[in-house]
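Coordinates for the following, if possible.
(chains A and B)
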Amino acid sequence: MSHYSLSDKLFTDDVDSEPIRAGFGRGLKVAGETNENVVALCADLTDSTQMSKFKETFPERFVEIGVAEQNLVTVASGMARAGKVPFTSSYAAFSPGRNWEQIRTTACLNDQPVKVVGSHAGVSVGPDGATHQMLEDIALMRVLPNMVVVAPGDSVEAEKATKAIAENGKPSYLRLAREKTPVFSTEESPFEIGKAYLLREGSDVSLLGTGTMTYQLLVAARELEKQGISAEVVHVPTIKPLDEHTILASAKKTGRVVTAEEAQIIGGFGAAVAELLSEQLPTPLKRIGMMDRFGESGSPDELLDYFGLTGDKIAHAVKEFVHEKPQYHREF
Amino acid sequence: MHKNLTITDLEHKAYAIREDIIRMLEHAGSGHSAGPLGLAEIFSALYFSILRVDPKKPDWDERDFFFLSNGHCVPVQYAAMAEAGFFDKDELMTLRRFGSRLQGHPERTRLPGLENTSGPLGSGLSQAAGVAHTLQHIDKQLHRFVYVVTGDGELDEGNIWEAAMFAGKYRLSQLIVFVDRNNIQIDGMTEDVMPVEDLRGKWESFGWHVQEIDGHNIESIVDAASMARAITNKPSVVIAHTIPGKGVDFMEYDYHWHGMPPNSEQAKDALHKLRTLDGKIKGEHQ
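Model (predicted):
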């Protein structure tokens, strides 16, 4: 497993905290500087999806599509045919929420390197409410052949992920969040598509996180340590292709797995891990995420707490899970 | 490119394409008859006069682009491509068979010369608009054109009008669309299923240059494309009025033939009608 350097400032008062989407904005500009074929298309959300940096730097390579998400990805597919590397952005609720078939046919089956960037994913969107809190995007994207699915854990990683998908030659989905997320990684931390990273070693349980939930797992692991539970934390920014080797190694070591995601557990990241474990290494598993329900309006912190997605709530759930007997030893 | 062909040569190509369509569909045992037969002149004109493409170099970096938006009509494209020399005509009989490059609906990654993958309606126009935008506004290759064929039932799709608005905004003058106005779709006549008229008015209001032609008149098709290339401040649409099932009297105008292939008896009859212009002349096979 690769060495991973966590930020020195993690768990201090002056920890950097920044929306994950901000890293995308920086990464896209750098990708544009590195590769003149990178173009950007947006559906009337240029500032909030952070495409504005690219637009200011390369106005001739930015295409405003208007509020038309089906056209967004299909025009991008055409631009890919003309040799471009098109990044498309909107809120995840609209893209890939509204234009799934177009992504399936004109990006994935057509095997064009269209980049679908879904910002404002998860319940932490907050006051906008359930319509805008995209929770099904991981499930929608990971079932598609040819599609790569990446949910960076913080803004520093999002910048690296953006640069990586600009060069991978494949249709790719990048999942971003709206609110500030504490930065746990550093400029030196590795990022490679398809790799999971061991952030913290432990022996009692493996906590597997993607996107915004990885930070919460680090918080949970600290809390669990105080309670005598040794939790391993594995960050899984790439949901597809899944780093099976790293996940299986951790599951084998601890014998218990918990997944966490700001998305539906049905079909989502936890489901991907469940599929892997049940086929390769049956292991007691608990999935934390949205339990087959929609979100609602509220402040981001309020909602994360209500839906059990904070470090404290996760620690509590993990403790219960660890103290249960493994499910296959249960008496009925 | 086949610049030395006459209008009459192109008419003959259209009938050769029709015969191949009948043979392919009969052999495949499934597929769409009416649309492809009605598009034979347009595809003859495209592949033997209008498109700057090289069958021996399908990825030629100076080529024009062609996007079939209504993917179910792909038998006419396969037949035209084979006639033009993109691949051997024998391969046409593999249509819809396991392992064939000629999938039931076109897949770009399987067959060189296809620019897109289509079937679900309404997306081909957007993809073509993406290429046209790139050529015109980013790569500044103003001599290359992007041609599209859409169905008329396909115009029910919202994605089409998103693309129409986009092309109008960016004045994509290298984008040239043929609408196959054959008035039928699966459930019946277009104006009964979901009226698409006023077609001319709709496209004009989206900022397009509009022409209407007889879609079976080769000269009109070639002229309309030429006119469209001369319009340099807006995208062009050519509403091509066609007869679904054209050339086979028992298929003409009948929407039931939208998604049906001929059986062997019907195919024999159809080929006879095509080879004799419905009994008006003596066929070479007689």
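
Next, count neighbours for residue 25.
You didn't pick a chain, so chain A it is. Other residues lying near residue A:25 total 24 when counted by other C-beta atoms under 10 Å in any protein chain shown. (C-beta placed from N, C-alpha, C; glycine too.)

wait, chain B
24.

Give me the nearest residue to it, chain neighbours excluded.
If the residues on either side of it in the chain are set aside, residue B:25 comes closest to residue B:261, at 3.8 Å by C-beta to C-beta, 6 or more residues apart in numbering or on different chains.

Write out the residues of chain B neighbouring chain A.
Neighbours of chain A within chain B, by C-beta under 8 Å from any C-beta of the partner chain: B:65, B:67, B:107-109, B:115-120, B:122-123, B:126-135, B:137-139, B:158-159, B:162-163, B:165-166, B:169.

Quick one: buried ones out of those residues?
Among those, the ones that count as buried by 16 or more other C-beta atoms under 10 Å in any protein chain shown are B:65, B:67, B:107-108, B:115-120, B:122-123, B:126-135, B:138, B:159, B:162-163, B:165-166.

taking these one by one, which sit in strands?
Using DSSP state E, B:65, B:67 are the members of those that sit in strands.

Restricted to helices, list the buried ones among the residues of chain B next to chain A.
Helix and strand membership here follows DSSP state H; of those, those in helices are B:126-133, B:159, B:162-163, B:165-166.

Show me how chain A divides into domains.
Structural domains assigned to chain A are A:17-182, A:197-329, following automatic domain parsing.

For chain B, which of those domains is the nearest?
Each of the domains of chain A was scored for nearness to chain B using C-beta to the nearest C-beta, and the closest is domain A:17-182 (2.3 Å).

How far does the closest one stretch from one end to the other?
Across its full length, domain A:17-182 reaches 4 Å between end residues, using C-alpha to C-alpha, to the nearest Å.

Whether it contacts chain B - can you check?
Yes: figure legend: domain A:17-182 in contact with chain B (C-beta under 8 Å from any C-beta); contacting residues A:39, A:60-61, A:63, A:65-66, A:68, A:70-71, A:74-84, A:86, A:101-102, A:105-106, A:109-111.

which of those residues count as buried?
Applying 16+ other C-beta under 10 Å to these, the neighbour count classes A:39, A:61, A:63, A:65, A:68, A:70-71, A:74-82, A:84, A:86, A:102, A:105-106, A:109-111 as buried.

Could you list which of those belong to helices?
Within those, membership in helices is found for A:70, A:71, A:74, A:75, A:76, A:77, A:78, A:79, A:80, A:81, A:102, as judged by DSSP H.

Kindly reformat those as a markdown table containing pLDDT and distance to residue B:201.
Formatted as a markdown table, the entries for these read as follows, by pLDDT from 0 to 100; distance: C-beta to C-beta, whole Å:
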| residue | pLDDT | distance to residue B:201 |
| --- | --- | --- |
| A:70 | 98 | 23 |
| A:71 | 98 | 22 |
| A:74 | 98 | 25 |
| A:75 | 98 | 25 |
| A:76 | 98 | 30 |
| A:77 | 98 | 29 |
| A:78 | 98 | 27 |
| A:79 | 98 | 30 |
| A:80 | 98 | 33 |
| A:81 | 98 | 31 |
| A:102 | 98 | 27 |
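
count of residues packed around residue 27?
Going with chain A. Here the neighbour count serves as a burial measure; for residue A:27 (other C-beta under 10 Å) it reads 28.

let's do chain B instead
Look at residue B:27: counted by other C-beta under 10 Å, it has 17 neighbours.

circling back to that earlier point, can you list the domains of chain A in CSV and add distance to residue B:35?
Putting the domains of chain A into CSV (distance: least, C-beta to C-beta, whole Å) gives the following:
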stretch, distance to residue B:35
domain A:17-182, 19
domain A:197-329, 37
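
taking these together, which one is wrapped up most tightly?
For those, ranked by mean neighbour count under the definition mean count of other C-beta atoms under 10 Å in any protein chain shown, the leader is domain A:17-182 at a mean of 24.

Farthest-apart pair in the ones in helices among the buried ones among the residues of domain A:17-182 next to chain B, please.
Across those, the two members that end up farthest from each other (C-beta to C-beta) are A:70 and A:81, 17.1 Å apart.

What segments of the stretch 101-250 of chain B are strands?
Counting by DSSP state E, counting those that start in this stretch, the stretch 101-250 of chain B forms strands over residues B:146-151, B:175-181, B:184-185, B:188-189, B:209-214, B:236-241, given from the N-terminal end onward.

Pairing partners for the longest one, with directions?
If you go by DSSP bridges, strand B:175-181 pairs up with strand B:146-151 (parallel), strand B:236-241 (parallel).

now what about the last one, what contacts it?
What it means is strand B:236-241. The set of residues external to strand B:236-241 that reach it, using C-beta atoms under 8 Å, 6 or more residues apart in numbering or on different chains, is B:42, B:173, B:175-182, B:199-200, B:203, B:208-215, B:221, B:224-225, B:227-228.

quick one: the one helix or strand residue A:159 maps to to chain centroid distance?
Using DSSP states H and E, residue A:159 sits in helix A:155-166. Using C-alpha atoms, centre = their mean, to the nearest Å, the distance from the centre of helix A:155-166 to the centre of the chain it belongs to is 12 Å.

Now the element after that helix, going C-ward?
The first helix or strand that comes after helix A:155-166 along the chain, using DSSP H and E, is strand A:172-175.

ok, the closest residue to residue B:200 other than its chain neighbours to chain A distance?
By the measure of C-beta to C-beta, 6+ apart, the closest residue to residue B:200 outside its immediate chain neighbours is residue B:210, 5.1 Å from it. Relative to chain A, residue B:210 is positioned 21 Å away (C-beta to the nearest C-beta, to the nearest Å).

What is the neighbour count of residue B:210?
Residues within reach of residue B:210, counting by other C-beta under 10 Å, total 18.

Strands of the stretch 151-300 of chain A, start to end?
With DSSP E, counting those that start in this stretch as the criterion, the stretch 151-300 of chain A has strands at A:172-175, A:180-182, A:197-200, A:205-209, A:231-235, A:238-240, A:257-264, A:285-290.

Could you save the ones you listed as JSON lines and add columns showing distance to residue A:140 and mean pLDDT?
Putting these into JSON lines (distance: least, C-beta to C-beta, whole Å; pLDDT from 0 to 100) gives the following:
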{"stretch": "strand A:172-175", "distance to residue A:140": "9", "mean pLDDT": "98"}
{"stretch": "strand A:180-182", "distance to residue A:140": "23", "mean pLDDT": "95"}
{"stretch": "strand A:197-200", "distance to residue A:140": "25", "mean pLDDT": "98"}
{"stretch": "strand A:205-209", "distance to residue A:140": "20", "mean pLDDT": "97"}
{"stretch": "strand A:231-235", "distance to residue A:140": "22", "mean pLDDT": "98"}
{"stretch": "strand A:238-240", "distance to residue A:140": "12", "mean pLDDT": "98"}
{"stretch": "strand A:257-264", "distance to residue A:140": "10", "mean pLDDT": "98"}
{"stretch": "strand A:285-290", "distance to residue A:140": "14", "mean pLDDT": "98"}
